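**Q** next input, structure requested:
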Amino acid sequence: MWEGVAILVIAAGIFLWLDSLRVRERAVRAGKSACERYNLQLLDDTVSFTRLRLARDGEGQLRLARTYTFEFSDTGNNRRHGAIMMLGSELEDLQLEPYPVQ
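**A** Sure thing, here's the model as predicted:
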């Protein structure tokens, strides 16, 4: 009995891990796209996982909401912060720290 429960827990963990990798890649693409759009530089070409919680989408379905942070530069000499919120596998919100526009 306990072996079956252990197998289910391990399988669920593997599924969550693989899903998280897929969503993280989508977050990286969203960050790169935003930086290209505003002529910014995505530093380290990556995002960092910050938060995992449950949230409801527009249709009321319960989804995993993941928050990722990243750093970007507007001049190449500084580091500014941004955040990407993913709801399920879809981009929910992308925020950039305010910076002076040249």
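**Q** please look at residue 56 and residue 88 and confirm they touch.
**A** No - counting by CB atoms under 8 Å, residue 56 does not reach residue 88; the two are 10.6 Å apart. Quick note: C-beta positions are derived from backbone N, CA and C, even for glycine.
**Q** who has more neighbours out of those two?
**A** More crowded of residue 56 and residue 88, by other CB atoms under 10 Å: residue 88, with 16 against 11.
**Q** show the model's pLDDT score for the more buried one.
**A** For residue 88, the pLDDT comes out at 94.
**Q** next one: the longest strand anywhere in the chain to chain centre, how far?
**A** Taking DSSP state E as the criterion, the chain has its longest strand at strand 62-73. Strand 62-73 sits 3 Å away from the centroid of its parent chain (CA atoms, centre = their mean, to the nearest Å).
**Q** that strand pairs with which strands, parallel or anti?
**A** strand 41-42 (antiparallel), strand 48-56 (antiparallel), strand 80-87 (antiparallel) (DSSP bridges).
**Q** ok, which of those comes nearest residue 66?
**A** strand 80-87 (4.7 Å; CB to CB).
**Q** next, the angle from whatever helix or strand comes next after that closest one to strand 62-73.
**A** Next in sequence after strand 80-87, counting helices and strands by DSSP states H and E, comes strand 90-96. For strand 90-96 against strand 62-73, the angle by axes from the mean of the first three to the mean of the last three CA atoms, to 10 degrees is 30 degrees.
**Q** just to revisit the earlier point, most tightly packed of the strands paired with strand 62-73?
**A** strand 80-87 (a mean of 19; mean count of other CB atoms under 10 Å).
**Q** re earlier: what mean pLDDT does the longest strand of the chain have?
**A** On average, the pLDDT along strand 62-73 is 96.
**Q** what of stretch 36-50?
**A** Throughout stretch 36-50, pLDDT has a mean value of 94.
**Q** that stretch spans what distance, first to last residue?
**A** 23 Å (CA to CA, to the nearest Å).
**Q** what's the distance between it and the middle of its chain?
**A** 11 Å.
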